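Undergrad: Make a model of this:
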Amino acid sequence: QQQQQQQQQQQQQQQQQQQQQTSSGISRSRSSTSIATLTRGYKLRVLIVDDTIINLKVLSRILRRLGVSEVTTAESGRDALKELSKGDFSLVLTDLQMPEMSGIELTTHIQELKRRSQNKLTGIGAVIVAGL
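TA: Next up is the predicted model:
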């Protein structure tokens, strides 16, 4: 009986550990492998826009650890538009609430730029706006 109880406890502990690993979506080793696999042979460029510098640093570090080849940061919507004029990005991650220009306004500007430009900014696959 004691052995059965010990085995059950061990199984429960293992299940709890697995749940903790996957509760945040994907375990660390799997996510790194998945991003590396998805971006193999492709230069993934990400623009992060946030008026809080610590958020820019943390997100940059996370993306680099996940295998993103190039991370650029901008502290405002205006700075983001300048960066976008310099080159194409695969993804733009922007804060929702920022002074001067919100993430929604930035998204509107990006959409307008894509409409007006001739094959410029067409590589942006997504713009994600979040309250970072």
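Undergrad: CA atoms for contacts and neighbours, from now on please.
TA: Fine.
Undergrad: Could you pull out the strands in this protein for me?
TA: Ranges of strands in the chain, per DSSP state E, are 45-49, 70-74, 91-95, 126-130.
Undergrad: Serialize these to CSV and add fields for distance to residue 62.
TA: Output for those, formatted as CSV (distance: least, Cα to Cα, whole Å):
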stretch, distance to residue 62
strand 45-49, 12
strand 70-74, 10
strand 91-95, 13
strand 126-130, 16
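Undergrad: now these in a markdown table, with mean pLDDT and mean neighbour count?
TA: Shown next, in a markdown table, are the strands of the chain (pLDDT from 0 to 100; neighbours: other Cα atoms under 10 Å):
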| stretch | mean pLDDT | mean neighbour count |
| --- | --- | --- |
| strand 45-49 | 92 | 23 |
| strand 70-74 | 94 | 18 |
| strand 91-95 | 89 | 23 |
| strand 126-130 | 64 | 16 |
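Undergrad: if we compare these, which one ends up closest to residue 2?
TA: Nearest to residue 2 among those is strand 126-130; the distance by Cα to Cα comes to 51.2 Å.
Undergrad: Can you pull out the low-pLDDT segments for the chain?
TA: Low-confidence segments of the chain (pLDDT under 70): 16-42, 118-132.
Undergrad: That one: helices as residue ranges?
TA: For the chain, applying DSSP state H gives helices covering 2-23, 28-38, 53-65, 77-86, 103-116.
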